[in-house]
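[1] fold the following.
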Amino acid sequence: MAAAAGWVEILEPETRNVMFANINSGECQWERPPAGVQVKEHHKDQWWELRDAQSSLSYYYNSDSAATVWARPSNASADILPLEKLQQMQEKLAALDATGDGPAPNTGPPTAIEPSSRDNAIAGLTKKRPSQVDSGLESYQQNLSTHTKGVIFKKKVSLASMLSWSKSAIKKPMLTTLPKADRKDALALFKLVQMYMQDRGAKNKEPIQVALTVVIMSWKNQQLRDELYLQLCKQTTRNDNIVNCEKGWELMCMSVNFVPPSTKFFSYFQGYVSRHTAAAGEQRGRISQYAEHCLKKLAKIMNTGPKRGQKEPQLSEVRQAQKNIFDPSMYGASLEEVMEAQSRYVKNMEIPWVVTCLTAAILDAGGASQEGIFRVPGDIDAVNMLKVKADRGELKQLAKYDEPHIPASALKLWFRELESPLIPAELYDKCILAWNNAEQSIAILAELPSLNRLLLIYACRFLQIIGKPENQPKTKMNLDNLSMVWAPNFLRCPSDDPAMILQNTKKEMHFIRNLLVNLDTSEASHLGLPDVSG
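    Down below sits the predicted model:
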């Protein structure tokens, strides 16, 4: 009998490598399940029970000898593993993927044993990984180039070798899908990856300059992005030099700040990163910390897209991305992380320093009388540089801004990029239900965590100043307009349904308007903002 949890150790037919299958769910993966999960070990008399595609009859495959038989093995030592659920999972994946290699149908009669066709079917089971987040890259192989080695008698390099660390340069891109015009750049990119990882001489180039070149190449040419991430996966796989391997992970973390993989490659890359987290059992050096940081940034950039702006990524931005791996940014973090990070620059602040500095900069630059404030975007490149200044603790310089749209855009961006919305998701439905009741809207604030609550009161007080009646003829931004602009920065609809999002948009706006019109914000009066009534 198989283990209670359903996990069994099997041999992948083509490579003969150990992998793990769950006979109950149909899951299949290369990494061993976490410690504490019972796994039935492989042995020589292990037989897989599979279903013939044409006859719907069961047949049996010995993963050690590769023998196939119709009769159920009856010897006492035979261990029968019912892997039909795994087979069904693979067939579904093959049907969804026009280029996939699903189990090949058996064309022979049910009374005959045809090992060749059956072996192909069995091998097809493990060409795809039936998990929502793929744990490896082998199932992406239909997009990978075929590599060879040797000068005279060229030998095909196995997939496992091709996706493993290599000291030598590659002779062709990793991806077959790469346009011919980009193949030379792909080979140059691999050498840069090797340089950053200290597997190749850097020719007097500083590592950060090498990283900048990598980021710029993939930022300018989106065709190179999947190639870059695949190269980094290759060079961090079976890499015994932990120092160099960590450098590869560092470059991976820096790159996902600026460019995402394609949607087609995303799940494979996410799966690769996921299998290196602490939860997956990674123990070498700081790799699990790099992987966890990379997952956060990956999820974020897949929503926001690549770095925006006309200017290519700057050295200061790449350097800051490197620093933020173990030193959290003021942007895109949780409120708690922001408060911890800012303690390097200021002490005893009750709310995030970046918010108080940006609101001061907006008011000092005349934002309360600037037409289109919060509606007209600031220069995106200037906003990007302002984010870098925030992470360096240089926000006190912001009072010198001549126009307020840059700090105004940076302020909206800070709220929008919070790891979790200022008004937590669990209170979202209450806010929507209270859209037409000011008293109920204000009462919800009592349910917020103390930091979230004080910050929301401060933000409302600031918007009340911007929206004073005497300012509205100049700004063309009354409280309705301010509520419309700011609602998405305070609230995030948890549904992915476009109809639901659209339906709730107006209710979100009305909820925020209830606060701006009716909330007594005197509780935040000591935090440096002018008097609302003054």
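
[2] mind showing which ranges of the stretch 1-150 of the chain have poor pLDDT?
    Residues of the stretch 1-150 of the chain meeting the criterion pLDDT under 70: 1-5, 14-16, 53-56, 89-150.

[3] what about the helices in it?
    Along the stretch 1-150 of the chain, the stretches classed as helices by DSSP state H, counting those that start in this stretch are 84-96, 115-125.

[4] same check on the stretch 401-534 of the chain?
    Under DSSP H, counting those that start in this stretch, the stretch 401-534 of the chain gives helices at 405-416, 428-433, 438-444, 450-466, 472-475, 479-490, 498-518.

[5] shouldn't residue 479 be in contact with residue 467?
    Yes. Using CB atoms under 8 Å, residue 479 is in contact with residue 467, at 4.6 Å. In short, each C-beta sits where N, CA and C put it, glycine included.

[6] now do the shared contacts for the two.
    Listed as contacting both residue 479 and residue 467 by CB atoms under 8 Å, 6 or more residues apart in numbering are residue 516.

[7] neighbour count winner among these two?
    residue 467 (23 against 19; other CB atoms under 10 Å).

[8] please parse the chain into its domains.
    For the chain, automatic domain parsing gives the domain ranges 7-131, 159-323, 335-527.

[9] dump those to CSV, plus distance to residue 533.
    As requested, the domains of the chain are exported to CSV (distance: least, CB to CB, whole Å):
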stretch, distance to residue 533
domain 7-131, 59
domain 159-323, 38
domain 335-527, 9
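
[10] residue 329 is nearest to which of those?
    Comparison of the domains of the chain against residue 329 by CB to CB identifies domain 335-527 as nearest, at 5.1 Å.

[11] the closest one: how far from the chain's middle?
    In terms of CA atoms, centre = their mean, to the nearest Å, the centre of domain 335-527 is found 26 Å from the chain centre.

[12] if we can go back for a sec, now the helices of the stretch 401-534 of the chain as CSV including mean pLDDT and distance to residue 381?
    Output for those, formatted as CSV (pLDDT from 0 to 100; distance: least, CB to CB, whole Å):
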stretch, mean pLDDT, distance to residue 381
helix 405-416, 94, 10
helix 428-433, 96, 34
helix 438-444, 97, 38
helix 450-466, 97, 25
helix 472-475, 95, 25
helix 479-490, 95, 21
helix 498-518, 94, 30
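
[13] which of these sits most buried?
    helix 405-416 (a mean of 22; mean count of other CB atoms under 10 Å).

[14] from the contact counts, what lies against that helix?
    Identification of packing neighbours for helix 405-416 by 3 or more CB pairs under 8 Å, 6 or more residues apart in numbering; DSSP states H and E yields helix 353-364, helix 380-392, helix 479-490.

[15] which stretch among those helices comes nearest residue 223?
    helix 380-392 (23.4 Å).

[16] now the closest one: buried residues?
    Along helix 380-392, these residues count as buried under the neighbour rule (16 or more other CB atoms under 10 Å): 380, 381, 382, 383, 384, 385, 386, 387, 388, 389, 390, 391.

[17] and the closest residue to residue 440 other than its chain neighbours, how close does it get to residue 479?
    In this structure, residue 440 finds its nearest non-sequential neighbour in residue 434, 3.8 Å apart by CB to CB, 6 or more residues apart in numbering. According to CB to CB, to the nearest Å, residue 434 and residue 479 sit 17 Å apart.

[18] with residue 183 instead?
    57 Å.

[19] check residue 387 too.
    28 Å.

[20] what of residue 334?
    Applying CB to CB to residue 334 and residue 479 gives a distance of 29 Å.

[21] and for residue 441?
    14 Å.

[22] ditto for residue 509
    For residue 509 relative to residue 479 (CB to CB), the value is 10 Å.

[23] looks like residue 60 contacts residue 68 (just checking).
    Yes. Counting by CB under 8 Å, residue 60 touches residue 68, with 6.9 Å between them.

[24] give the contact list for the closest residue to residue 420 other than its chain neighbours.
    Closest residue to residue 420 apart from its sequence neighbours, by CB to CB, 6+ apart: residue 334 at 6.2 Å. Residues in contact with residue 334 (CB under 8 Å, 6+ apart) are 418, 419, 420.
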